[in-house]
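Chemist: dropping the sequence and predicted coords here.
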Amino acid sequence: MLAYSTIAKSQVIISLLFGDKLNSEKLSFGLSVGNSWSHLSNYKTSSSLSTINLGLYLTLKMNERFFLQFDAMAKYRLGSRELPVYPLHDEALDTLFATGHVEREINYLGLVTTAQYRVFNYFNVEVGPQIILRTKANDIFYTDRNDGTLKFEKNISSSATRFDIGAMTGISYQIKGNGIKIGVRYYFGFIDIFPQDPGSNTNRSFQVAGYIPVGRKKALANKQQSSNGAVN
């Protein structure tokens, strides 16, 4: 939690320091924040893992209808919930969690590049590749007891692939005037994340995000002031 807090604060500081310098009529730079519901494809008995994601984005306007967007995700988690319990090879732990469930959490750093086409008004469709780097992976065992919930965390990073590559597609709507954009995306991973497990265990994720430009109004106001000064 401390690490995530530090990352989040760092991203906000970066945006505040450089937002007005990276925003113009052709560029939009700021924070992306949203929620994702992810699962692993081969775990049929699992349910979706809901997590908050945080990153920075940069949108380049090529013309009135075509845009390129780059998202750097610093807090990005995928995985699944309600997985069946498996043996921990410890008699006490296996007994305690025999009737519990497992939550699999995989933390990543990610880069998403999407080509976006404005269909009409301020609605866009988008598609592009995503590459993500695993930082850690944990299986968290839960079981309910009379006096509360018992939890045990197991590091499974050595069982997960270091990278994942996939395709991102979605739609978005930009609010006219302030540059804020709201979008929904679906991520389809290509790589078997846990090759030692049966079947092909690939990442799937439905995401909702908001893109908040930082310093854009100031940058455009400064440009307008400079233009007025040049005319005078």
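Modeler: Looks like it arrived, so ask away.

Chemist: ok, longest strand in this protein?
Modeler: strand 123-145 (DSSP state E).

Chemist: next secondary structure element downstream of that one?
Modeler: Where DSSP states H and E defines the elements, the next helix or strand beyond strand 123-145 is strand 148-155.

Chemist: list the buried ones in that following strand?
Modeler: Within strand 148-155, the residues scored as buried using 16 or more other Cβ atoms under 10 Å are Phe152. For the C-beta atoms, the positions are set from N, CA and C on the backbone; glycine is no exception.

Chemist: helices and strands around that strand, which ones?
Modeler: Packing contacts for strand 148-155, counted by 3 or more Cβ pairs under 8 Å, 6 or more residues apart in numbering; DSSP states H and E, involve helix 91-96, strand 123-145.

Chemist: which among those is found nearest to Gly183?
Modeler: strand 123-145 (7.6 Å; Cβ to Cβ).

Chemist: neighbouring strands - and their directions - for the longest strand of the chain?
Modeler: strand 101-120 (antiparallel), strand 148-155 (antiparallel), strand 163-174 (antiparallel) (DSSP bridges).

Chemist: ok, back up a step: which one of the helices and strands packed on strand 148-155 is the most hemmed in?
Modeler: Highest mean neighbour count of the helices and strands packed on strand 148-155: strand 123-145, a mean of 16 (counted as mean count of other Cβ atoms under 10 Å).

Chemist: following element in sequence after the lowest-mean-pLDDT helix or strand in the chain, please.
Modeler: Across the helices and strands of the chain, mean pLDDT, DSSP states H and E gives its lowest value to helix 2-18, namely a mean of 46. Once helix 2-18 ends, the next helix or strand along the chain (criterion: DSSP H and E) is strand 27-40.

Chemist: that following strand: which residues count as buried?
Modeler: So strand 27-40, judged by 16+ other Cβ under 10 Å, has buried residues Ser28, Phe29, Gly30, Leu31, Ser32, Val33, Gly34, Ser36, Ser38, His39, Leu40.

Chemist: now that strand: mean pLDDT?
Modeler: In this model, strand 27-40 has a mean pLDDT of 92.

Chemist: check which helices and strands that strand sits against.
Modeler: helix 2-18, strand 49-61, strand 66-83, strand 203-213, helix 216-231.

Chemist: separation between Phe70 and Tyr57?
Modeler: Using Cβ to Cβ, to the nearest Å, we find Phe70 at a distance of 7 Å from Tyr57.

Chemist: of those two, who's got more company?
Modeler: With neighbours defined as other Cβ atoms under 10 Å, Phe70 and Tyr57 compare such that Tyr57 has more, 22 against 15.
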